[in-house]
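In: here is the input, now give the coordinates:
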Amino acid sequence: MSERTAASPRTVLLRRGEIHSPADSFATAMVVERGQVAWVGSEGAADAFAEGVDEVVDLDGALVTPAFTDAHVHTTSTGLALTGLDLSTAPSLEAALAAVRDFAAARPNDRVLLGHGWDAARWPGGRPPARAELDEATGGRPLYLSRIDVHSAVVTTALLDMVPGSITRADEPLTRDAHHAVRAAAFAAVTPAQRREAQRAALARAASLGVGSVHECAGPDISSEDDFTGLLRLAAEEAGPRVVGYWAEQDVEKARELGAIGAAGDLFVDGSLGSHTACLHEPYADAGHTGTSYLDAAAVAAHVAACTEAGLQAGFHAIGDAAVTAVVDGVRAAAEKVGLARVRAARHRVEHAEMLTPDTVAAFAELGLTASVQPAFDALWGGEEGMYAQRLGIERARLLNPFAALLRAGVPLAFGSDSPVTPLDPWGTVRAAAFHRTPEHRVSVRAAFTAHTRGGWRAVGRDDAGVLVPGAPADYAVWRTDALVVQAPDDRVARWSTDPRSGTPGLPDLSPGADLPVCLRTVVGGRTVFVRPGE
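Out: Numbering: from 1, shown residues only. The predicted structure follows:
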């Protein structure tokens, strides 16, 4: 960060804008002092503060909201995707191979070529790259290409040769232990300087999108201890988004030693739907099996009990309905051992939680589980012709990601991207939840916005943040946007009202086709961490 963006004025007055605050639905000004919101109110009342502040920011009609929290991020992988090969928009296998060939030619000094984002389910023919094709495209160099869900990968022969011990050489995407082994070999070739550059790139991108906090979901099968602790140090030393760390290992003391607030995040109970490794009660529609189970209910119970006793959050990656059932059964068993009130107070988490039933939704509410979910998954893979329908059939696919049912049951929601699986895109995430492909799963824009701001703070045990009221942390973003609107409370789709009698703070129009807001400035703890050039 430059000296300008890292500056931390003692007191700042923002005026002549629209302040999204439940303290005053019509606020146009805000005072920030010592990293906290000190006051919100009207433009006329702001004059009383003008003489005693260190800086006055003229908003010129801009919108000020709480900064977003992305509740599920893989920071280094996001940065490597930003600086590496991105295949998420490749329209075909041929285009992907051409991109690999060009990337290899442009990076002659890289020890290992890294890429991400291919999705054969969207390509004509549906076939992933063959190893021989990748060997030819790279000229025989080591290459790691993760699928868009990061639960499988294709690699070159040269990378396989770098993996210690024996590993399958079958010409198909690698999953489970084989995938973990090649990913570890590929990431081990990344130098500390490259890793730090990637982390800075990811955090800078987050800040430029109005994201003030990220929940890093790390673990031994995902990154490394050095990667995790290095990221926490970087976030503590440099101005940028806050980083809250989760370490996905059943060793509770290890998580504490590394600086994690939970032995949680991507502690895998199963895999992913796209890679046919999510664990299901009934077989896949396009495969004769039910996926993969990594942890059973007994293992979940033991981990939840240990975390609860240690005062840490537990959390699990669970996507398939059988995996979610295992989590619910395990958490309930832990509650019988250590007490339901203690389990609820710990705010244990479930990441993704895509295949839910009315019974498991009710269990989440009973057990105080937070659903850390990714609405962009539905936008990307939902619908009658999407990947969900290919894997599960249309009827089962319609049941996925039931955000409205979770809210009705009182289940806390925290929204994230799982970046680099889907991009950092907070307003796009809010839009995806409000305009879910299955209408009965839609939530209001206001509820979605809350899940992506205050919900992320509540998921880490903070009820005093993610909202612009006096005493709250001064984590906020300034936006250029069109006129603000208030969604009618009884409307699931897109009737909009600007009636000021509602007393509800307005939000941008996120209906399909509307332009998303542009971030002009992001502030974390009173420190400006991003300013759009020219502003």
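In: pull the helix or strand with minimum mean pLDDT from the protein.
Out: strand 496-497 (a mean of 36; mean pLDDT, DSSP states H and E).
In: and the next element down the chain from it?
Out: Proceeding N to C from strand 496-497, the next assigned helix or strand is strand 507-508, under DSSP states H and E.
In: which residues sit against that next one?
Out: Under the contact criterion Cβ atoms under 8 Å, 6 or more residues apart in numbering, strand 507-508 has outside partners 20, 63, 65, 427, 445-446, 449, 479, 481-482, 484-487, 514, 516-517. C-beta: built from backbone N, CA, C; applies to glycine.
In: which is the next helix or strand following that strand?
Out: On the C-terminal side of strand 507-508, the nearest following helix or strand under DSSP H and E is strand 518-524.
In: show the contacting residues for the nearest residue to residue 442 once chain neighbours are set aside.
Out: When the adjacent residues along the chain are set aside, residue 442 lies closest to residue 436, with 4.5 Å between them (Cβ to Cβ, 6 or more residues apart in numbering). With contacts defined as Cβ under 8 Å, 6+ apart, residue 436 is in contact with 375, 378, 382, 401, 403, 442-443.
In: let's have the residues you listed in JSON lines, adding distance to residue 533 and secondary structure.
Out: Rendered in JSON lines, the data for the contacts of residue 436 read as follows (distance: Cβ to Cβ, whole Å; DSSP: H, G, I helix; E, B strand; the rest coil):
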{"residue": "375", "distance to residue 533": "30", "secondary structure": "helix"}
{"residue": "378", "distance to residue 533": "34", "secondary structure": "helix"}
{"residue": "382", "distance to residue 533": "36", "secondary structure": "coil"}
{"residue": "401", "distance to residue 533": "37", "secondary structure": "coil"}
{"residue": "403", "distance to residue 533": "36", "secondary structure": "helix"}
{"residue": "442", "distance to residue 533": "36", "secondary structure": "coil"}
{"residue": "443", "distance to residue 533": "35", "secondary structure": "coil"}
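In: closest one of these to residue 467?
Out: For residue 467, the nearest member of those is residue 443. The distance, counting by Cβ to Cβ, is 17.8 Å.
In: just the contacts of strand 507-508: which are in strands?
Out: In this view, those that belong to strands under DSSP state E are 63, 65, 479, 484-487.
In: report the buried members of those residues.
Out: Neighbour-count burial within the ones in strands among the contacts of strand 507-508 applies to 63, 65, 479, 485-487; the criterion is 16 or more other Cβ atoms under 10 Å.
In: phi, psi of the closest residue to residue 451 other than its chain neighbours?
Out: Closest residue in space to residue 451, ignoring its immediate chain neighbours: residue 413 at 4.0 Å, by Cβ to Cβ, 6+ apart. Summarising the backbone geometry of residue 413 under the convention degrees, to the nearest 10, its torsions are phi -110, psi 140.
In: check residue 362 too.
Out: Reported as degrees, to the nearest 10, the phi and psi values for residue 362 are phi -60, psi -40.
In: OK, contacts around it?
Out: Residue 362 makes contacts with residue 409, as judged by Cβ under 8 Å, 6+ apart.
In: separation between the nearest residue to residue 251 once chain neighbours are set aside and residue 94?
Out: Spatial nearest neighbour of residue 251, chain neighbours left out: residue 263 (7.1 Å); criterion: Cβ to Cβ, 6+ apart. Distance from residue 263 to residue 94, counting by Cβ to Cβ, to the nearest Å: 44 Å.
In: of the two, which one has the most company?
Out: residue 263 (28 against 13; other Cβ atoms under 10 Å).
In: now the strands for the stretch 1-150 of the chain?
Out: For the stretch 1-150 of the chain, applying DSSP state E, counting those that start in this stretch gives strands covering 11-15, 18-19, 29-33, 36-41, 55-58, 63-66, 68-73, 85-86, 113-118, 143-147.
In: quick check: which of the ones you listed is nearest to residue 308?
Out: When those are compared (using Cβ to Cβ), the closest one is strand 68-73, at 20.7 Å.
In: could you say what helices and strands the closest one packs with?
Out: Applying 3 or more Cβ pairs under 8 Å, 6 or more residues apart in numbering; DSSP states H and E, one finds that strand 68-73 contacts helix 192-208, strand 211-218, strand 413-415, helix 445-452, helix 454-459.
In: before we move on, back to that, show me which pair in the contacts of residue 436 is furthest apart.
Out: Spatially, the most separated pair among those is 382 and 443, at 14.8 Å (Cβ to Cβ).
In: state the mean pLDDT of stretch 379-395.
Out: Over the span of stretch 379-395, the pLDDT mean works out to 96.
In: ok, back up a step: ranking the helices and strands packed on strand 68-73 by burial, who's on top?
Out: Highest mean neighbour count of those: strand 211-218, a mean of 29 (counted as mean count of other Cβ atoms under 10 Å).
In: now do the contacts for the nearest residue to residue 449 once chain neighbours are set aside.
Out: Nearest residue to residue 449, sequence neighbours excluded (Cβ to Cβ, 6+ apart): residue 430, at 5.3 Å. Residues in contact with residue 430 (Cβ under 8 Å, 6+ apart) are 375, 415, 445, 448-449, 452, 510.
In: ok, now with 10 Å
Out: Counting by Cβ atoms under 10 Å, 6 or more residues apart in numbering, residue 430 makes contact with 68, 375, 415, 443, 445-453, 507-508, 510, 516.
In: next: residue 29.
Out: Here residue 29 is in contact with 13-17, 19, 39-47, 49-50, 56-57, 59, 64 (criterion: Cβ under 10 Å, 6+ apart).
In: quick check: closest non-adjacent residue to it.
Out: When the adjacent residues along the chain are set aside, residue 29 lies closest to residue 46, with 3.8 Å between them (Cβ to Cβ, 6+ apart).
In: picking up where we left off before, quick check: pLDDT value at the residue nearest to residue 251.
Out: For residue 263, the model assigns a pLDDT of 98.
In: so it touches residue 255, yeah?
Out: Yes. When contacts are counted by Cβ atoms under 10 Å, residue 263 is listed as touching residue 255 (3.9 Å).
In: any common contacting residues for the two?
Out: Shared contacts of residue 263 and residue 255, counting by Cβ under 10 Å, 6+ apart, come down to 219, 246-249, 307, 310, 312-314.
In: take the residues you listed and write them to a markdown table, including neighbour count.
Out: Output for the shared contacts of residue 263 and residue 255, formatted as a markdown table (neighbours: other Cβ atoms under 10 Å):
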| residue | neighbour count |
| --- | --- |
| 219 | 23 |
| 246 | 29 |
| 247 | 31 |
| 248 | 24 |
| 249 | 20 |
| 307 | 24 |
| 310 | 16 |
| 312 | 22 |
| 313 | 24 |
| 314 | 31 |
